[in-house]
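A.B. asks: Generate a structure from the sequence data that follows.
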Amino acid sequence: MNKKICISLIGILLFFLSSQVEAKMTKEAHALYQDACNYEYKGDYANAISTIQKALNMNGDDAMLYTKIAGLYADTGNYEEALGSYKKALKIRPNDAFIYISIGNILQTMGDYENAYNSFMQAQQIYPEYKYNYLNIANVEYIRKNYKSAIDNYNIFLNAYPEHLEASENLANVYYASGQPEKACELYNTLYKKYPSAFKDYANYGMALFDTKQYKVASEMLTKALADNSENEAILAKLALSYQNLGENTKALEYYQKTFAINPELTALRFDYANLLGNMGQLPEAIEQYKTYLKAFPNDANAYKNLGLVYKKQNDMELALFNLEKSYSLDPSDNDVKKELALCYHKKQDYINALKFYNLALVSEPDSYEILANKALTLHAMNNYVAAIELYKQLLDKKPNERLKTNLAAATIAYGYDLYDKKDYGQAILYFEDAIEMSPKEASAYFGYAQANDRMGCYEVALENYRKAVSLAPGNIEYNTTLSMFMDNHNMAIAKAAAEQADSTVESKATQEKTTSYDALIKSGDEAYKAQKYTEALDYYTKAVVYKPQDKITMLKIANIYKLTGNNTKALSFYDKLLLIDKDNTDAYFNKGLVLASQKNYDDAIKCFERVIQLSPEYPYAYYSLGMAYEQKGDTSKAIEYYYLYSGIEQDETMLNAVKQKIKALEG
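C.D. replies: The predicted structure follows:
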């Protein structure tokens, strides 16, 4: 770094000493000194040293002679002898800054940087005006990685000698080494423009440019650096990365291959290499590179993420999900991973997990149109039509989207048929009407509308819409057959109605009495329940279900009263009876889960809450209850996951704040 400076300083030192101590030297000693200088000039260091030694034997108290022999020892690599001679000179001249500087230079050459620094600092205290010593201090501080001190001393020196190229280059190097690539680039650029033929530090300049994302210029400088060192793996690697960032993939691939040919053990670089191969469509090769990288860095979430995305490109959903799940487990904060997991599960038609990850992604990006749209599609695919319809409408209010508009109409029609199958014909009619308004050329909407009106006895409306459905889909056999049968049955129905009217009078009277008795019991039960007279309410409700054993609502009321009064055994019994009648009753599963949780049977409670989510993914308290159950079990990570899912769909600010506090407490 400063070999030339050392030599010039020794020359200055000798001149300085000769001008001050020559008067003390004897005539004979001075003659020997001159002879030694001649030997030195001829390169005959052995005779030069022996001649000075003779002079010292005559005149052993002369600092200049010790300094001269010390310099000769230093030039021949006898550093210990040189240091010994300089120390003898110091005894004669203890305040000679230049002797300390010479000692510092030798110590620096020997690698004893701490003592070299101390020697330079001693010289600075004696002679602070000597600016070249600041360069010595800066150089040794650079080597010792005391970058702030090095920068300060280089700047002091350069204020005195602004044209000093080596000091400027070293200062730029220190800026780069100390994590200030912007300042390094600025100084390198100045030097490169000012001294284009003398500038040599292309490698560090290129590295600094890379770190500041100036990839084009970085590639130019790094290419120049290769001219002097064509097999420097660091330069080749940075060139590969520069071209990769510039999108020049072919060149990037070339330099990656050259780098690995020199050093195949650069495993850390294989991550970026794998990314390049993936972008170039060389998927099997990319996979192998990611695997090699992950053997060395098994906890790198980004590597698993990118590997998962490559498998996704190959349409291998199982391996894509495996690696994305691994990435998520290592870094649950990466929202891109959550979105990719949701998309993969969606494509695999695992809608429950897709919905889970869409909801988790929405915690970080609650207004993301894309995520919300995909969530709506998932709800639609799960036949959760009400939630899907609501979300489609919210999205379409934000901005028009033909795909979502078509899906909204499809979901509305599907829900209309769902209501029709449940014999809720009035509600079905309303949804079919909405669908017809949204999609006036959709035959299935008119057909469903006709069927619901048919069941409601609106024969004229039914006939009109059956015909409309057939006109829009003339080749549909079901539509044509139903229209034909409807017309035949409608004509027969008029004749049959009169004959049946008489028979129905007696039957309707008995039914009316039964209904009246049932209604009275339910009414009395409801009144007792409101008055908190639970025993009376149970009596009324129990008698009522004798009339209607399939009465799901009353069965749920009975179970809930038993739960409320602490009779968990009876409560569980009636929840189970209700589930025999209606195997998809979300309220029964949810309340049964609460009872089981109160009994600390968390595993069975969790199964109940999970069933609720399967049946109704937008049931917020099921997520909250799952969080509570897992928290009680001591499974903190699962508890946090479900509290986050709950917060993604809950609207109540009080509850949201309470859950946020829970999450905060569990996380930290």
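A.B. asks: now the protein, which segments are flagged as low pLDDT?
C.D. replies: 1-24, 491-516 (pLDDT under 70).
A.B. asks: which residue is nearest the middle of it?
C.D. replies: For the chain, the residue nearest the mean C-alpha position is Asp334 (3.0 Å; CA atoms, centre = their mean).
A.B. asks: so what's that one up against?
C.D. replies: Ala301, Lys305, Ser327, Tyr328 (CB atoms under 8 Å, 6 or more residues apart in numbering). All C-beta atoms are positioned from the backbone trio N, CA, C, and that covers glycine.
A.B. asks: I figured the third one hits Leu309, correct?
C.D. replies: This points to Ser327. No: using CB atoms under 8 Å, Ser327 is not in contact with Leu309, being 9.7 Å away.
A.B. asks: The two: who's more crowded?
C.D. replies: Using other CB atoms under 10 Å as the criterion, Ser327 and Leu309 rank with Ser327 on top: 26 against 21.
A.B. asks: Could I get the contacts of Asp334 in CSV, plus columns for distance to Tyr79 and secondary structure?
C.D. replies: CSV is the format used below for these (distance: CB to CB, whole Å; DSSP: H, G, I helix; E, B strand; the rest coil):
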residue, distance to Tyr79, secondary structure
Ala301, 52, helix
Lys305, 55, helix
Ser327, 56, helix
Tyr328, 60, helix
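A.B. asks: Top of these by number of neighbours, please.
C.D. replies: Ser327 (26 neighbours).
A.B. asks: can you list contacts of the helix or strand hosting Asn118?
C.D. replies: Taking DSSP states H and E as the criterion, Asn118 maps to helix 113-126. Contacts with helix 113-126, where a contact means CB under 8 Å, 6+ apart, come from 95-98, 100-101, 103-105, 107-108, 130, 133-134, 136-137, 140-141, 143-144.
A.B. asks: Mind jotting down where the helices sit in the stretch 501-650 of the chain?
C.D. replies: 534-547, 552-564, 568-581, 586-598, 602-615, 620-633, 636-647 (DSSP state H, counting those that start in this stretch).
A.B. asks: Among those helices, which comes closest to His164?
C.D. replies: When those are compared by CB to CB, helix 636-647 sits nearest His164, at 59.8 Å.
A.B. asks: before we move on, back to that, which of the contacts of helix 113-126 are buried?
C.D. replies: 96-98, 100-101, 103-105, 107-108, 130, 133-134, 136-137, 140-141 (16 or more other CB atoms under 10 Å).
A.B. asks: Tell me which entries of those residues lie within strands.
C.D. replies: Nothing among those maps onto strands, per DSSP state E.
A.B. asks: Ser242: how many residues sit nearby?
C.D. replies: 27.
A.B. asks: Now do the contacts for it.
C.D. replies: Taking CB under 8 Å, 6+ apart, one finds Phe210, Tyr215, Lys216, Ala218, Ser219, Leu222, Ala252 in contact with Ser242.
A.B. asks: can you put those residues in CSV and add distance to Glu478?
C.D. replies: Converted to CSV, these look like this (distance: CB to CB, whole Å):
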residue, distance to Glu478
Phe210, 67
Tyr215, 63
Lys216, 66
Ala218, 68
Ser219, 67
Leu222, 71
Ala252, 60
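A.B. asks: Among those, which ones are in helices?
C.D. replies: Counting by DSSP state H, these place Phe210, Tyr215, Lys216, Ala218, Ser219, Leu222, Ala252 in helices.
A.B. asks: With respect to Glu81, which of the residues you listed is nearest?
C.D. replies: For the ones in helices among the contacts of Ser242, the nearest to Glu81 is Leu222 (44.4 Å; CB to CB).
A.B. asks: Need the nearest residue in space to the closest one, chain neighbours excluded.
C.D. replies: Nearest in space to Leu222, with sequence neighbours left out and distances taken as CB to CB, 6 or more residues apart in numbering, is Gly206 at 3.7 Å.
A.B. asks: Was I right to think the one you found contacts Leu236?
C.D. replies: No: using CB under 8 Å, Gly206 makes no contact with Leu236, being 11.3 Å away.
A.B. asks: can you tell me the helix or strand for Tyr311?
C.D. replies: helix 301-313.
A.B. asks: Can you give the domain ranges for the protein?
C.D. replies: 1-130, 352-500, 521-667 (automatic domain parsing).
A.B. asks: looking at these, which is closest to Asn170?
C.D. replies: Comparing those by CB to CB, domain 1-130 comes nearest, at 6.6 Å.
A.B. asks: now the spatially closest residue to Asn249 that is not a sequence neighbour: how far from Ala36?
C.D. replies: Distance criterion CB to CB, 6+ apart; nearest residue to Asn249, sequence neighbours excluded, is Met280 at 5.3 Å. For Met280, the distance to Ala36 (CB to CB, to the nearest Å) stands at 69 Å.
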